[in-house]
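one predicted model, sequence on top.
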Amino acid sequence: MAKIGINLSTGSLQKEEIIVGIDLGTTNSLVAIIHPETKKPVALKEHNSASLVPSIVHFGSHQEIVVGDTAKEFLISDPANTIFSVKRLMGKSYNDIRKQSSFFTYKVIDDDTEKLVKIQIGTKFYSPVELSSYILKELKTRAEHILKTPVNKAVITVPAYFNDAQRQATRDAGKLAGLDVLRIVNEPTAASLAYGLGLNPNDSKTVAIYDLGGGTFDISILKIQDGIFEVLSTNGDTYLGGDDFDRAIVAHWMKELNLGEADIESDKTLAQMLRVAAEKAKKELSSSEEFTTDINGSALKISKAQFEILIQPLVDKTLQAAANALKDAKLGINDIDDVVMVGGSTRVPLVKNSVSNFFQKNVHDEVNPDEVVALGAAVQADILSGNNKDFLLLDITPLSLGIETMGGLMDVIIPRNSKIPTKAGRQYTTQKDGQSGMRVSVYQGERDLVKDNRKLAEFNLAGIPGMPAGLPKIDVNFLLNADGILVVTAKELRSGVEQTIEVKPQYGLTDAEVEQMLLDSITNAKDDIALRALVEARTEANQLIDATENFINKNGKLMTTAEIEETQAAIIKLAELVKSGTKDEIQHQHEVLNSISRPYAERIMDLAVAAAMKGKQI
Ligand code: ADP
Ligand code: MG
């Protein structure tokens, strides 16, 4: 099919609907497309202006909204109504960000600590999703203005560590902005696409993507083979970036000016002035040796050497994460063929040199590190529009997903580090005769008991027709789609009763929490195994008690009083041990009860068989 291209300079129309790539960054956002003539990704910008739109939203005195550079000017003069770094709040509760609350110069409401955060502007409350949608709407409007064509479809990137809640929030923001979000793509995956790594189907490479932006740090190890991108491992820190470099400089200056925390707590304007000056200093020190400025009449200075001492611990932290990512991928430094630098903060010479030293090779920094993610999103958009069919993108899920089974045990359905998209399922049955519903509780985490994991969702599969315990066949299926969003389906096969939910967790996990969950699972592995064995012994004992009691109810007439009494005593003892006994005690009593009931059970079964035979009159 012939395609009519768009001429960027004249803005003439094209036939095919355009799909844009959007990097919705913590600090800066931008839009890119595949240039219809050169077929190369380009960042959209208006004449003489930058492609980057600061991810900042300002509310005027009548709640009128401006986004980008204009909003950035209000950081100092009107901090309470100027929202920056809203991406850090996506899918978060106040508890999640409590420790960072002093970072925000606007009002993040804290009266309901468990719910998703809201931001208060004057008398109105805004969610991070709404605030992000203003940024996306601005990007959409700009793109439409530049391309002179409606823009309704987009691919949006997110950090690799974004969980379901954060991805869903990003998707919702797109929807609110009037965009059909065709795909949520991990930023490192987009960056490697922008470098064209693997575009030649014969390429076979292992690539490290080091992304240090304003607010997040991600390191990802990708294996590219046969035109397939597979994320081998990801690591990073959603609270580490260029903002922390700025804060290190601010802290340095505060010491020089004899200012305490209280001084900047009470004077938000001063805090913002210091923040803005610090960022300016940092950027200048990427290409010069010294920076000087003046704040409220006090001279401020910092040298490149001083700056490097301040940020060395932060850079070291990123290298430690890189080492961990290699370890997770079971690779050594020599296995990495290419290293890709992403994010504005990789312009800092110390960062670039440290990463280069760590991997013992030259790093890729040819593509503008601020734009590389959006450019890759445009490449992905092009693949989705069918122009580039040879690609398949694979990602991995960082934590196991499963459901609660008897006794509060975690039954893993999709194990951690599974490639996504992925599908997996297991069959379950009922425990009680005539049971008409089954609760399906979905958890995320590595521990054996669900109470130690994170609950994502719960629903009740109702309307199972009455059947004896064990007869219904209930298929529980997990579909983790390419955006990392989980769809859970439960279906009773005999009746066809079915229920589906899309998991939208109430709020998200930071990557530090993900790490902690993984660490906990290792530290507690021994305890977990012992506990699991105990829980299983209890569950089996309860099942035996139920079955035995049922048997006596039905067949009591065929039993002697002595048999009934002996059995009931054994049941009582077993029930007590279920409450307070050890696994071995429970299993021993389980056997005792079995051996008491076995002789009469066999006798009665024989009678039943004989009766049945007679009835049939063979
Ligand atoms: P994000 O992905 O978080 O939106 P970006 O990739 O746009 O972030 O990077 C923004 C960060 O890069 C900011 O902290 C900014 O100060 C920093 N930055 C931009 N240019 C430079 C530079 N020349 N030297 C050092 N840091 C820079
Ligand atoms: Mg970024």
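Structure received. Ligands and ions are numbered 1, 2, ... in the order given.

what's near enough to touch D370?
28, 30, 51-52, 343-344 (Cβ atoms under 8 Å, 6 or more residues apart in numbering). In short, each C-beta sits where N, CA and C put it, glycine included.

residues contacting P472?
So P472 contacts 429-430, 435, 464, 492-495 (Cβ under 8 Å, 6+ apart).

which pLDDT value goes with K573?
Note for K573: predicted pLDDT of 95.

sec struct for it, please.
The three-state label for K573, taken from DSSP: H, G, I helix; E, B strand; the rest coil, comes out as helix.

okay, now it: neighbour count?
Using other Cβ atoms under 10 Å, the number of residues around K573 comes to 15.

surely it touches I586?
No. Taking Cβ atoms under 8 Å as the contact criterion, K573 and I586 are not neighbours in contact, 10.3 Å apart.

hang on, the earlier thing: just the contacts of D370: which are in helices?
Assigned to helices by DSSP state H, none of the contacts of D370 qualify.

so which of those residues is the most crowded?
The member of those surrounded by the most neighbours (other Cβ under 10 Å) is G343, with 29 neighbours in all.

dump the residue contacts of it.
If you count contacts by Cβ under 8 Å, 6+ apart, G343 has them with 211-214, 241-242, 369-370.

picking up where we left off before, and the contacts of P472, which two are the farthest apart?
With Cβ to Cβ as the measure, no two of these lie farther apart than Q435 and L493, at 15.2 Å.

more neighbours, these two?
Set Q435 next to L493 and count neighbours by other Cβ under 10 Å: Q435 wins out with 17 against 12.

of the contacts of D370, closest to ligand 2?
Distance to ligand 2, by Cβ to the ion, is smallest for G343 among these, at 5.1 Å.

what residues are up against the closest residue to ligand 2 within the chain?
With Cβ to the ion as the measure, the residue in the chain that lies nearest ligand 2 is G213; the distance is 3.6 Å. For G213, the contact set (Cβ under 8 Å, 6+ apart) comprises 25-27, 241-242, 342-345.

if you set the cut-off to 10 Å instead, what comes out?
When the contact criterion is Cβ atoms under 10 Å, 6 or more residues apart in numbering, the partners of G213 are 23, 25-28, 87, 159, 187, 240-243, 342-346, 369-370, 373.

from D370, how far out is it?
Using Cβ to Cβ, to the nearest Å, we find G213 at a distance of 9 Å from D370.

what's the answer for I121, then?
For I121, the distance to D370 under the criterion Cβ to Cβ works out to 28 Å.

next one: phi and psi at the residue most central in space within the chain?
The C-alpha lying nearest the average C-alpha coordinate of the chain belongs to N163 (Cα atoms, centre = their mean; 1.3 Å). Backbone torsions of N163, given as degrees, to the nearest 10, read phi -90, psi -180.

which one is K451 nearest to, not counting chain neighbours?
Taking Cβ to Cβ, 6 or more residues apart in numbering as the measure, K451 lies nearest to G408, with 6.0 Å between them; neighbours along the chain are not counted.

hmm, the one you found is touching K455, no?
No. With contact defined as Cβ atoms under 10 Å, G408 does not count as touching K455 (11.5 Å).

what's the overlap in contacts for those two?
Taking Cβ under 10 Å, 6+ apart as the contact criterion, the common neighbours of G408 and K455 are S441.

could you pull out the strands in the stretch 301-450 of the chain for me?
Under the criterion DSSP state E, counting those that start in this stretch, the stretch 301-450 of the chain carries strands at the ranges 338-342, 392-396, 401-405, 409-414, 419-420, 422-428, 438-444.

can you lay out those as CSV showing distance to ligand 2, mean neighbour count and mean pLDDT?
Listed next are the strands of the stretch 301-450 of the chain as CSV, based on distance: least, Cβ to the ion, whole Å; neighbours: other Cβ atoms under 10 Å; pLDDT from 0 to 100:
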stretch, distance to ligand 2, mean neighbour count, mean pLDDT
strand 338-342, 7, 24, 97
strand 392-396, 17, 19, 52
strand 401-405, 27, 22, 91
strand 409-414, 28, 20, 90
strand 419-420, 21, 17, 72
strand 422-428, 26, 16, 87
strand 438-444, 25, 21, 90
